[in-house]
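# Here's a sequence, model it:
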Amino acid sequence: SDPSAEDPTKKEERRRRLRFCIVGGGPSGVELSGELSDFFADVCHPKKGTYPKLKDEIEVLLVHGEDSLVTQFDKNLRDHAFESLQKRGVKVMLNTFTTEVGEDYVILMDRYTGIKERVPVGLTVWAAGIEPVAFSEKMLEQLPESARGIGGRINVDKWMRPPMPNDELMGSIMVMGDAAAFMDIDHGDPKKNSYLPQTAQVAGQQGAYMARLLNRKYNLTMTPPVLQSAASSNSTSDALDNWLRLRGMEEASGFNFLNLGMLAYVGGGDALSQIQIGDVPLFAYFGSAGFVLWRSVYLVKQVATRNRILVAFDWLKTAVFGRDVTRL
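Numbers count the residues shown, from 1 in each chain. Got it, this is the predicted structure:
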């Protein structure tokens, strides 16, 4: 072995480079922590691993400002995520704010005492939310003040249209996903009105909804939007228009988000699964049962059969032969 490897200065530098800090204990931060713990367990495996001697020097930090991880999940699932990550060797730091991120360090502050600590790190990953892109801000400068929503997002109506400087421009711009501030209206209790979260599930459903509006050729300048053939006497109806009229869809319905639940992988063949339809909870699993469901959904979401086969084969290859790190 190289004698210099035991030099205190070089050893400390090696530990710094092998310390990974993930900021944010939401689903993204938790899943990344779980995946990293799996990766390091594989590459440091005494028989199949490429770097078994680094096992005791790698450290993964998960920093979160709240008192529990993945607050969107039920309490028993949140507690399980915390325990599972700790068992996998992830150092979970709750009630801790990240006040500064440097090139090779982070400054952490205790939420209650205000005490700060400078932690040397090799890599920091921000998973605690992002601010809107510059394009959204430029767009807001051209729109009425009523278009400015929470956190720099753009307010939209139930057809995903932002307020416009004049009525003639209505429907010429559509906003969806993280850029949109869409109010989820609770007709039973207005106090429960809330903005939809910035998640892939929301963006995916909004994208499909907007595609339907465009494919069905609704006149988006009108409120509510109606079929082009109904909006103009010069337009002719086609088979699709007639079918939509038959179904009572001459006017476009507003966007309705259907919450299907959440999944999160926490490492070691362990996952959280909280399944629901709208506000009706169906079941919640953690552990191996949650992991099977998580992987099943992951495979189904692949866009082609070829991808499903390749992903499944990659999982099998990794389980049998370990991870291939030659192409990292």
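# is it true that R14 lies in a helix?
Yes - with DSSP: H, G, I helix; E, B strand; the rest coil as the criterion, R14 is located in a helix.
# tally of neighbours for it?
R14 is flanked by 16 other residues according to other C-beta atoms under 10 Å. Using the backbone N, CA and C atoms, a C-beta is placed for each residue, glycine as well.
# The worst-scoring helix or strand of the chain on mean pLDDT packs against which elements?
Least confident element among the helices and strands of the chain, by mean pLDDT, DSSP states H and E: helix 228-231 (a mean of 74). Judged by 3 or more C-beta pairs under 8 Å, 6 or more residues apart in numbering; DSSP states H and E, helix 228-231 is in contact with strand 218-219.
# Mind giving me the packing neighbours of the strand it packs on?
Here strand 218-219 touches strand 226-227, helix 228-231, going by 3+ C-beta pairs under 8 Å, 6+ apart.
# if we can go back for a sec, can I get the least confident helix or strand of the chain in PDB, CA atoms only?
What follows is the C-alpha trace of helix 228-231 in PDB, where atoms were taken according to Å, rounded to 0.1, in the frame of the first residue of the first chain:
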ATOM      1  CA  GLN A 228     -64.000  26.400 -32.700                       C
ATOM      2  CA  SER A 229     -67.000  25.200 -34.700                       C
ATOM      3  CA  ALA A 230     -69.300  26.600 -32.000                       C
ATOM      4  CA  ALA A 231     -67.400  29.900 -31.700                       C
END
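# So which of the helices and strands packed on strand 218-219 is nearest N166?
For N166, the closest of the helices and strands packed on strand 218-219 is helix 228-231, at 18.4 Å, according to C-beta to C-beta.
# starting at the chain centroid, how far to that closest one?
Helix 228-231 sits 39 Å away from the centroid of its parent chain (C-alpha atoms, centre = their mean, to the nearest Å).
# residues in contact with stretch 294-305?
Stretch 294-305 is contacted by residues 263-265, 271, 273, 308, 311-312, 315 when judged by C-beta atoms under 8 Å, 6 or more residues apart in numbering.
# Y112 contacts N95, doesn't it?
Yes - the pair Y112 / N95 is scored as a contact, 6.5 Å apart, by C-beta atoms under 8 Å.
# Compare these two (neighbour count), which wins?
Neighbours per residue (other C-beta under 10 Å) separate Y112 from N95, with N95 holding more: 15 against 8.
# gap between the residue positioned nearest the centre of the chain and I275?
Taking C-alpha atoms, centre = their mean as the criterion, T199 is the residue nearest the geometric centre of the chain, at 5.0 Å. Taking C-beta to C-beta, to the nearest Å as the criterion, T199 is separated from I275 by 15 Å.
# so where does I22 fall, helix or strand?
strand 19-23 (DSSP states H and E).
# In its sheet, which strands sit next to that strand, and in what direction?
For strand 19-23, sheet partners with direction are given as strand 59-63 (parallel), strand 123-126 (parallel), following DSSP bridges.
# following that strand, which helix or strand comes up?
Read in the C-terminal direction, the helix or strand following strand 19-23 is helix 27-43, with elements assigned using DSSP H and E.
# quick one: buried residues of the helix or strand following the least confident helix or strand of the chain?
Under the assignment DSSP H and E, the closest C-terminal helix or strand after helix 228-231 is helix 239-246. Of all the residues in helix 239-246, those buried under the rule 16 or more other C-beta atoms under 10 Å are 241, 244.
# any idea where the strands of the stretch 101-250 of the chain begin and end?
Under the criterion DSSP state E, counting those that start in this stretch, the stretch 101-250 of the chain contains strands at 105-110, 116-120, 123-126, 154-155, 180-181, 183-184, 194-195, 218-219, 226-227.
# Strand partners (parallel or antiparallel) of the second one?
Within its sheet, and counting by DSSP bridges, strand 116-120 is paired with strand 105-110 (antiparallel).
# Could you list the alpha-carbon positions for the partner strand in CSV?
Once non-C-alpha atoms are left out, strand 105-110 reads as follows in CSV (Å, rounded to 0.1, in the frame of the first residue of the first chain):
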residue,chain,number,x,y,z
TYR,A,105,-17.8,23.3,2.1
VAL,A,106,-21.3,24.0,3.5
ILE,A,107,-22.2,26.1,6.5
LEU,A,108,-25.0,24.5,8.6
MET,A,109,-27.0,26.2,11.3
ASP,A,110,-29.1,24.6,14.0
